[in-house]
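Undergrad: A structural model of the following input is requested.
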Amino acid sequence: MAPLTISEAIGNDHKAIETFAQNIKSATTLEDKTKWRNQFTWALARHAVSEELTMYPAMEKHMGKEGLELTEVDREQHQAVKNDLYALQSLSPSSPTFLPLLDRLLKDLHTHIEHESTEDIPRLEKLLSREESQALATSFERTKGIVPTRSHPSAPNRPYLENLAALLAAPVDRVGDWVRGFPSAEEVRGKL
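TA: Below is the predicted model:
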């Protein structure tokens, strides 16, 4: 199988994150809703920081001023999502504010995904060779392995300071993940 391009890697993440959100809503027990909330948080937090550390610098490098303007919009959109995810990640799905908060987060996330899908990614892909796009996708995927697994909206969202903050927060998040309930790998694969 050929390596993914950046648009394919980002698109796959977007689909998985949407699936996890729908699984929260369709779960019938509090335990299952909580597990899917944790999976959703884990996936979305890693995705957002990985984009900020890999795709946004590539946009700024290859697209110049236009890339800087687009990533500024993206960072603002990410901040709204991160703020809501921060509140959601520790809120019990049984709370009356949980579903309205999830819906607001998903609305902001869908706005962001639409912007990326119609503006950012097509413009960036036009400027990259297939090999460069695949290398960027590989970097994006690898970065998800070292970034935080929870939302930290007060952390810096620009390279170098974000890199440092991510390296400091990730180990703490991963220790917490050991005690959080998650769907099994089979359950996740079965839903994707």
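
Undergrad: can you give me the neighbour number for L128?
TA: 17 (other Cβ atoms under 10 Å). C-betas here are computed from N, CA, C, even on glycine.

Undergrad: I figured it was touching P122, is that so?
TA: No: applying Cβ atoms under 8 Å as the test, L128 and P122 come out as separate, 11.1 Å apart.

Undergrad: tell me which residues in stretch 81-92 are buried?
TA: Across stretch 81-92, burial judged by 16 or more other Cβ atoms under 10 Å covers 81-82, 84-86, 88-89.

Undergrad: with these in mind, which one is nearest to A9?
TA: Nearest to A9 out of those is V81 (Cβ to Cβ; 18.5 Å).

Undergrad: tell me the spacing between that closest one and P171.
TA: To P171, V81 is 23 Å away according to Cβ to Cβ, to the nearest Å.

Undergrad: also P57?
TA: P57 is 24 Å from P171, by Cβ to Cβ.

Undergrad: give me the more crowded residue out of those two.
TA: Using other Cβ under 10 Å as the criterion, P57 and P171 rank with P57 on top: 16 against 11.

Undergrad: re the thing from before, in helices only, show me the buried residues of stretch 81-92.
TA: 81-82, 84-86, 88 (DSSP state H).

Undergrad: got a list of contacts for the strand or helix carrying T34?
TA: According to DSSP states H and E, T34 maps onto helix 30-50. Residues outside helix 30-50 that contact it (Cβ atoms under 8 Å, 6 or more residues apart in numbering): 13, 16-17, 20-21, 23-24, 27, 78, 81-82, 85, 88-89, 92-94, 109, 140-141, 143-144, 147-152, 162, 166, 173, 177, 180-183, 188.

Undergrad: right, I'll call it a day here.
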